[in-house]
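Engineer: model this:
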Amino acid sequence: MYATSPAESVHALDLDALRAPDITFYSAWDEQTLLGCGALRDLGDGHLEIKSMRAARAHRGRGTGAAILLHLLGAATRRGAVRISLETGVEDYFAPARRLYERHGFVVCEPFGGYRPDPNSVFMTREG
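Structural biologist: The predicted structure is shown next:
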């Protein structure tokens, strides 16, 4: 994310942060090949946040991102989520991700959780 966004606007989690107790991390594999990953952060009161969602470069444009998102949404539903939110970038690099989220019912919203307004961020949410 540091290659596409200013450092102060990067909200990606490092490996230690992904090990936090409020994070559930998922990865998608085809035998020994990593296809992508994503995580859910529990914000409390039935509100979950999608974090660290990525499709491996070689698998972008093949439905990998949609499959990961559907898995995360299913996991959120099983956990009783009433709201699912995310933060992504405004740059053109993130346009395919924003379109994917919109196709799955996410709409632009105000910052949530500990986020503050950021001209380099787009905040999105949907009902669980």
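Engineer: In the chain, where's the longest helix?
Structural biologist: Of all the segments assigned as helix in the chain under DSSP state H, the longest by residue count is helix 64-78.
Engineer: quick one, the helix or strand immediately after it in the chain and helix 64-78 angle?
Structural biologist: Note on helix 64-78: by DSSP states H and E, the next helix or strand toward the C-terminus is strand 83-89. Put simply, strand 83-89 runs at 150 degrees to helix 64-78, going by axes from the mean of the first three to the mean of the last three CA atoms, to 10 degrees.
Engineer: Starting from strand 83-89, tell me which strands it pairs with and how they run.
Structural biologist: Here strand 83-89 is paired, per DSSP bridges, with strand 47-55 (parallel), strand 121-127 (antiparallel).
Engineer: CA atoms only: put it into PDB for me.
Structural biologist: In PDB, the C-alpha atoms belonging to strand 83-89 read as follows (Å, rounded to 0.1, in the frame of the first residue of the first chain):
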ATOM      1  CA  ARG A  83     -22.900  -4.100   9.800                       C
ATOM      2  CA  ILE A  84     -19.700  -4.700   7.800                       C
ATOM      3  CA  SER A  85     -17.400  -1.800   6.900                       C
ATOM      4  CA  LEU A  86     -14.100  -1.200   5.200                       C
ATOM      5  CA  GLU A  87     -11.600   1.400   4.300                       C
ATOM      6  CA  THR A  88      -9.900   1.600   0.900                       C
ATOM      7  CA  GLY A  89      -8.000   4.100  -1.200                       C
END
